[in-house]
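A.B. asks: any chance you could fold what I've pasted below:
(one chain, ligands or ions: 2)
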Amino acid sequence: MTPEDCLNLHELEALGRAELLKAAHPSVLDYYLGGAGDERTLRENRSAWAQWRLRPRMLADVSSVDTATEVLGLPLSSPIAVAPSAMHGLAHPEGECAVAAAAAAAGSLMTLSTLSTRTLEEVGTAAGGRWWFQLYLYRDREVSRALIQRAQAAGARALVLTVDAPVVGRREAMLRRPLVLPAGLELPNVGPRTTGQESLTHLAYFDSLMDMTLSWRDLEWLRGVTDLPLVLKGILTAEDAALAREHGAHIWVSNHGGRQLDGAVTAPEVLGEVVAAAGDREVYVDGGVTRGGDVLRALALGARAVFLGRAALWGLAAGGQAGVARTLQLLEEELVLDMALCGKTALSQLGPDLLRRAP
Ligand SMILES: Cc1cc2nc3c(=O)[nH]c(=O)nc-3n(C[C@H](O)[C@H](O)[C@H](O)COP(=O)(O)O)c2cc1C
Ligand SMILES: CC(C)CC(=O)C(=O)O
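C.D. replies: Ligands and ions are numbered 1, 2, ... in the order given. As a prediction, this is how the structure comes out:
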């Protein structure tokens with residue numbers, strides 16, 4: 001079985017999981033799959049998009065369907081891009097470079113995690129300008145400053161500040177079976193504290209890096225460090241969306257794939273209120289996206305682009321660059337099909353009139 005044989009993202013997940021179990025320690029699968037607490041939010045993310053049913057329009061000449069869009073001025077072939085996730089080297093030897101290359105070849109966009117296993121410069125080259133840099137703000141601001149400046153020099157087009165992880169969620173699967181990293185895997189972009197392999201296996205170690213004092217005031221500090229557009233990842237309320245807007249930031253609606261606050265609202269529930277509060281700011285979304293119809297719903301609710309977390313990791317584990325390419329291709333094909341069946345030929349035609357809440 002290869003990624004090409006997979007007909008949908010569920011099959012790619014099955015293939016990716018099987019490959020991961022062959023190549024990596026079982027704790028890696030726990031890390032990728034896991035959610036926080038009772039994993040309610042993780043489960044709800046999977047079914048949440050279905051709460052919106054589609055109201056298709058007929059007789060609309062759908063012989064040509066166009067999924068092209070722009071995010072922060074960058075043209076994308078479709079509104080489907082890759083969310084940041086830590087340590088791609090656990091899934092495939094090419095790690096983040098394979099994801100970046102697949103995203104670039106597809107005319108998509110990759111968000112690189114601070115906790116990557118390849119350098120910013122290597123990923124910058126592979127991504128050909130199609131990447132954003134995700135920042136965890138360290139207690140040591142000078143480490144963050146250096147990373148941001150390197151990312152900008154390496155061609156990152158935006159800075160994504162993750163705001164839903166001032167402290168790491170309680171992921172019990174990881175507490176039961178701490179992550180085992182293969183010898184030689186490095187986190188080259190992280191500050192001087194990241195040397196000891198054993199310390200990486202404890203979530204407490206990440207907590208020691210992160211800054212729990214993170215607040216709206218820090219955005220001013222970021223503005224002084226970079227003129228890159230700023231995106232706040234992890235916004236879930238209209239109130240915070242309004243604050244983001246006041247601070248000139250763009251908004252990424254996410255509950256972190258159910259890995260942070262268990263019991264948090266899901267993106268499809270809150271996207272509408274966030275978009276209403278966002279004004280002229282761009283709004284992106286992630287969480288539980290596995291079908292083109294999920295993308296369609298997200299756009300109808302006002303998102304500008306949809307980001308894939310685990311789905312990209314399964315593609316990577318299933319077949320490196322080719323696996324991620326297949327993930328993006330399948331989802332884009334499904335989006336085109338569903339647009340046609342809904343009587344829509346361009347993303348600008350997608351709006352709330354396409355949706356009805358399931359009873
Ligand atoms: C294994 C894993 C690692 C992640 N690492 C990061 C990270 O380093 N930074 C971050 O902002 N989000 C991280 N996320 C969250 C994703 O960016 C995204 O919000 C989430 O996975 C979306 O949900 P989905 O997996 O259902 O698509 C991670 C998610 C997973 C599954
Ligand atoms: C260390 C973690 C907070 C990285 C992350 O974002 C995740 O695993 O979800």
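A.B. asks: next, the buried residues of stretch 280-294.
C.D. replies: Within stretch 280-294, the residues that count as buried by 16 or more other Cβ atoms under 10 Å are 281-294. Heads up, the C-betas are built off the backbone N, CA and C, glycines and all.
A.B. asks: backbone dihedrals for residue 355, please?
C.D. replies: Torsion angles at residue 355 (phi, psi; degrees, to the nearest 10) stand at phi -120, psi 150.
A.B. asks: meant to ask about residue 293
C.D. replies: Per degrees, to the nearest 10, the backbone of residue 293 is at phi -60, psi -30.
A.B. asks: what count of nearby residues applies to the closest residue to ligand 1 within the chain?
C.D. replies: Proximity of the chain to ligand 1 (Cβ to the nearest ligand atom) peaks at residue 309, 2.1 Å away. By the criterion of other Cβ atoms under 10 Å, residue 309 has 22 neighbours.
A.B. asks: quick check: it touching residue 258?
C.D. replies: No. Checked against Cβ atoms under 8 Å, the pair residue 309 and residue 258 is beyond contact range at 9.9 Å.
A.B. asks: which residues do these two both contact?
C.D. replies: residue 287 (Cβ atoms under 8 Å, 6 or more residues apart in numbering).
A.B. asks: check the gap between residue 320 and ligand 2 for me.
C.D. replies: Going from residue 320 to ligand 2 by Cβ to the nearest ligand atom, to the nearest Å gives 21 Å.
A.B. asks: repeat for residue 83
C.D. replies: For residue 83, the distance to ligand 2 - Cβ to the nearest ligand atom - is 10 Å.
A.B. asks: residue 252 too?
C.D. replies: With distances taken as Cβ to the nearest ligand atom, residue 252 is found 13 Å from ligand 2.
A.B. asks: ok, the residue nearest the centre of the chain - contacts?
C.D. replies: When Cα atoms, centre = their mean is applied to the chain, the residue found nearest the centroid is residue 83 (1.8 Å). Residues near residue 83 by Cβ under 8 Å, 6+ apart: 111, 254, 286, 307, 308, 309, 312.
A.B. asks: and the stretch 51-200 of the chain, which residues reach ligand 1?
C.D. replies: Counting by Cβ under 6 Å from any ligand atom, the residues of the stretch 51-200 of the chain close to ligand 1 are 83, 84, 85, 86, 113, 115, 134, 162.
A.B. asks: and the residue nearest to the centre of the chain, what pLDDT?
C.D. replies: pLDDT for residue 83: 99.
A.B. asks: and if you look at residue 194?
C.D. replies: Predicted confidence (pLDDT) for residue 194: 47.
A.B. asks: now do residue 182
C.D. replies: pLDDT, residue 182: 86.
A.B. asks: doesn't it belong to a helix?
C.D. replies: No. Assigned with DSSP: H, G, I helix; E, B strand; the rest coil, residue 182 falls outside any helix and is coil.
A.B. asks: so it makes contact with residue 25?
C.D. replies: Yes. Counting by Cβ under 8 Å, residue 182 does reach residue 25; the two are 7.5 Å apart.
A.B. asks: more neighbours, these two?
C.D. replies: Higher neighbour count among residue 182 and residue 25: residue 25, with 16 against 13, using other Cβ under 10 Å.
A.B. asks: run a quick neighbour tally on the nearest residue to the more buried one once chain neighbours are set aside.
C.D. replies: The shortest distance from residue 25 to any non-neighbouring residue, by Cβ to Cβ, 6 or more residues apart in numbering, is to residue 180 (4.1 Å). Residue 180 has 16 neighbours, counted by other Cβ under 10 Å.
A.B. asks: also the one 10 residues further on?
C.D. replies: In terms of burial, residue 190 registers 19 neighbours under the definition other Cβ under 10 Å.
A.B. asks: check contacts around it.
C.D. replies: With the criterion set at Cβ under 8 Å, 6+ apart, residue 190 makes contact with 114, 115, 143, 209.
A.B. asks: next: residue 336.
C.D. replies: Residue 336 neighbours (Cβ under 8 Å, 6+ apart): 65, 67, 292.
A.B. asks: so it, which of the three states?
C.D. replies: Residue 336, by the three-state scheme (three-state DSSP), is helix.
A.B. asks: for it, give its distance to residue 9.
C.D. replies: 15 Å (Cβ to Cβ, to the nearest Å).
A.B. asks: run through the contacts of residue 190 and flag the ones next to ligand 2.
C.D. replies: For ligand 2, the contacts drawn from these by Cβ under 6 Å from any ligand atom are residue 115.
A.B. asks: highest neighbour count among the contacts of residue 190?
C.D. replies: Busiest of the contacts of residue 190 [other Cβ under 10 Å] is residue 114, holding 24 neighbours.
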